[in-house]
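Colleague: can you look at this prediction? I've put the sequence above it.
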Amino acid sequence: MSTLPGDVKDRGLADRGKQRIEWAAKEMPVLRLIREQFIRTQPLKGIKIAACLHVTTETANLAITLKAGGTDMVLCASNPLSTQDDVAASLNVHEGIPTYAIKGEDEETYYRHINTVIKHGPQITMDDGCDLVSTLHKEYPDEYLARVICGTEETTTGVIRLRSMEREHALRFPVLAVNESDTKHLFDNRYGTGQSTIDAIIRSTNILLAGKNLVVAGYGWCGKGVASRAKGLGANVIVTEVNPVRAIEAVMDGFRVMPMVKAVQIGDFIITVTGDLNVINEEHIAHLKNGAILANSGHFNDEINIPAIADISTSRRIVRDFVEEFVLNDGRTVYLLADGRLVNLSAAEGHPASVMDMSFANQALGAEYMLKHAKTLEPQVYTIPHDIDQEIARLKLISMGIEIDSLTPEQEKYLASWESGT
Ligand SMILES: NC(=O)c1ccc[n+]([C@@H]2O[C@H](COP(=O)([O-])OP(=O)(O)OC[C@H]3O[C@@H](n4cnc5c(N)ncnc54)[C@H](O)[C@@H]3O)[C@@H](O)[C@H]2O)c1
């Protein structure tokens, strides 16, 4: 029996996890460059990090990079269903990074794991969805909270929660909103969520998307990605929105836009990706098309009112991996994927490594930046400096073998001046 710290499903999966982590590493050249730099400069030497992230092959590469930079880190899952058990095992066994994550863990275990990483006494928090930071503030206001110097937050929903903490003067340390970097949301949210959400729907249902009506709720960064990828596969995409600007954007991108109550009547697939609550609610469930398949790719599993579906169901059963069938009391059948949790991370493998390369370059350089500047920062939400964002894009282009032009001195002067006109 191993005495390694951590709580994973099966340490015997470690070798398989290591192979898959190495596979992802091939697509993460920017993070590799940062790792090489971190080995030389040791920017996180002796610093304790508690990370609450989706435990995937890409996150493993981030953890390995942070460790190379000198940190003493622990990791837990940011979602009960997104953990890749072989990756968690490999981090524990091969990388010596205590990891507390088991795919399918119940809520009690999920929070026990978060509490365990908090008791590591982190100086930096690295969060995805703000569960770590909010637990730290609510349950450890003195002992552990006081030790934290700064944090980083990965996703849109986490940033929304942090801004709410900032508004209420509840936030006690500065946090970097990684999501707000251009090299994060423009790529990870759009191309990553776009591809992996469709991947998850295909893996779990194996249904042809061509010719189907596919409803995307929310035309934000993630929704744009899902809609465009579904369109590429031949689906008739319908968008629902509450923001008029985003709705016009969807119309001009060639999608039909209508209220959810109408969309549910014709949707074969309905995918929520809003970060909002009860986007599919009782009034929509009442009109769902028979056979509709529901999935969520937003952060929390409350975009689809699952209890309301259960309440009017006469039976429910698992019919395929990650597919639950509900027979409603009027005879209609509807299917829910992955318990309404982030479908791309639950029923597939999450974002491909190439986009996470940029997101996690932001995490690694962001942690270094926040630590270096923490003394001058207020307990607020910050964005990464523009030059770091640009540098990540520059390195990514170099890794792709793509060259671009630079401004000439004459153009620089022209673009900075106001005198010249017609
Ligand atoms: N699945 C993933 O791997 C992944 C990756 C990144 C972000 N996320 C999560 O996805 C969610 C969306 O992120 P984003 O970056 O696209 O956010 P965003 O703010 O860019 O877009 C969200 C959109 O949803 C719309 N919206 C809100 N309530 C709505 C409603 N009731 N009906 C229809 N539209 C509604 C908003 O107007 C907005 O346009 C967040 O929860 C985020 O944390 C998931």
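Modeller: Cool, got the structure. No experiment lies behind these values; they were computed from the predicted model shown. Residues are numbered from 1 along each chain as shown.
Colleague: in this protein, what residue is nearest the ligand?
Modeller: With Cβ to the nearest ligand atom, the shortest gap between the chain and the ligand falls at residue 220, namely 1.7 Å. Placement of C-beta: from N, CA and C, glycine included.
Colleague: what's the closest non-adjacent residue to that residue?
Modeller: Residue nearest to residue 220 in three dimensions, not counting chain neighbours: residue 246, with 6.8 Å by Cβ to Cβ, 6 or more residues apart in numbering.
Colleague: what about the one you found, how many residues close to it?
Modeller: Counted with other Cβ atoms under 10 Å, the neighbours of residue 246 add up to 17.
Colleague: hmm, it is touching residue 219, no?
Modeller: Yes - under the criterion of Cβ atoms under 8 Å, residue 246 makes contact with residue 219 at 4.4 Å.
Colleague: where does residue 183 land in three-state SS?
Modeller: Following DSSP: H, G, I helix; E, B strand; the rest coil, we place residue 183 in the helix state.
Colleague: one more: residue 43?
Modeller: coil.
Colleague: contact partners for it?
Modeller: Each residue near residue 43 by Cβ atoms under 8 Å, 6 or more residues apart in numbering is listed here: 69, 70, 368, 371, 372.
Colleague: out of those residues, who's the most crowded?
Modeller: Going by other Cβ under 10 Å, residue 69 tops these with 24 neighbours.
Colleague: list the contacts of the closest residue to that residue other than its chain neighbours.
Modeller: Residue nearest to residue 69 in three dimensions, not counting chain neighbours: residue 38, with 3.4 Å by Cβ to Cβ, 6+ apart. Residues in contact with residue 38 (Cβ under 8 Å, 6+ apart) are 44, 65, 66, 68, 69, 70, 364, 368.
Colleague: just to revisit the earlier point, farthest-apart pair in the contacts of residue 43, please.
Modeller: The span of those, defined through Cβ to Cβ, is set by 70 and 372 at 13.7 Å.
Colleague: any idea how far the most centrally placed residue in the chain is from residue 249?
Modeller: When Cα atoms, centre = their mean is applied to the chain, the residue found nearest the centroid is residue 155 (5.5 Å). Distance from residue 155 to residue 249, counting by Cβ to Cβ, to the nearest Å: 21 Å.
Colleague: what stretches of the stretch 201-350 of the chain score poorly on pLDDT?
Modeller: By pLDDT under 70, the stretch 201-350 of the chain contains no weakly predicted segment.
Colleague: give me every residue in it lying close to the ligand.
Modeller: Contact residues (Cβ under 6 Å from any ligand atom) of the stretch 201-350 of the chain with the ligand: 217-223, 240-243, 246, 273-276, 279, 297-299, 342, 344-345.
Colleague: so what pLDDT did the residue nearest to residue 69 get?
Modeller: Residue 38 carries a pLDDT score of 98 in this model.
Colleague: again, but for residue 142
Modeller: Confidence for residue 142, expressed as pLDDT, is 88.
Colleague: also the one 5 residues further on?
Modeller: At residue 147, the pLDDT value in this model is 96.
Colleague: so how many other residues sit close to it?
Modeller: Around residue 147 there are 13 residues (other Cβ under 10 Å).
Colleague: pretty sure it is touching residue 124, no?
Modeller: No - judged on Cβ under 8 Å, residue 147 makes no contact with residue 124 at a distance of 10.1 Å.
Colleague: now residue 418. Its backbone dihedrals?
Modeller: Note on residue 418: backbone dihedrals following degrees, to the nearest 10 are phi -120, psi -10.
Colleague: same deal with the one 3 residues further on?
Modeller: Recorded main-chain torsions at residue 421 are phi -140, psi -140, according to degrees, to the nearest 10.
Colleague: can you count the residues close to it?
Modeller: Counted by other Cβ under 10 Å, the residues lying close to residue 421 total 4.
Colleague: residue 408 now?
Modeller: Residue 408: 9 neighbours (other Cβ under 10 Å).
Colleague: now do the one 5 residues further on
Modeller: Residue neighbour count, defined by other Cβ under 10 Å, stands at 11 for residue 413.
Colleague: repeat for residue 411
Modeller: 11.
Colleague: which of the helices or strands spans it?
Modeller: Taking DSSP states H and E as the definition, residue 411 sits inside helix 409-416.
Colleague: in that helix, what's buried?
Modeller: Within helix 409-416, no residue is scored as buried using 16 or more other Cβ atoms under 10 Å.
Colleague: which residues touch that helix?
Modeller: With Cβ under 8 Å, 6+ apart as the criterion, helix 409-416 contacts 407, 420.
Colleague: quick one, helices of the stretch 51-200 of the chain?
Modeller: Taking DSSP state H, counting those that start in this stretch as the test, the helices found in the stretch 51-200 of the chain are 57-68, 85-93, 107-118, 131-139, 156-167, 182-184, 193-205.
Colleague: buried ones in the fourth one?
Modeller: Neighbour counts using 16+ other Cβ under 10 Å place 131, 132, 133, 134, 135, 136, 137 of helix 131-139 among the buried residues.
Colleague: where is the longest strand in this structure?
Modeller: Ranked by number of residues, the top strand in the chain under DSSP state E is strand 313-320.
Colleague: what's it packed up against?
Modeller: Where contact means 3 or more Cβ pairs under 8 Å, 6 or more residues apart in numbering; DSSP states H and E, strand 313-320 is packed against strand 323-328.
Colleague: so what are the sheet partners of the strand it packs on and their directions?
Modeller: strand 313-320 (antiparallel), strand 333-337 (antiparallel) (DSSP bridges).
Colleague: can I get the longest one in CSV, CA atoms only?
Modeller: Taking only C-alpha atoms (Å, rounded to 0.1, in the frame of the first residue of the first chain), the coordinates of strand 313-320 have been written out as CSV:
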residue,chain,number,x,y,z
SER,A,313,-40.7,11.7,-15.2
THR,A,314,-42.2,8.3,-14.8
SER,A,315,-38.8,6.6,-15.3
ARG,A,316,-35.1,7.4,-15.7
ARG,A,317,-32.3,5.1,-16.7
ILE,A,318,-28.8,5.2,-18.1
VAL,A,319,-28.9,4.0,-21.7
ARG,A,320,-25.3,4.6,-22.8
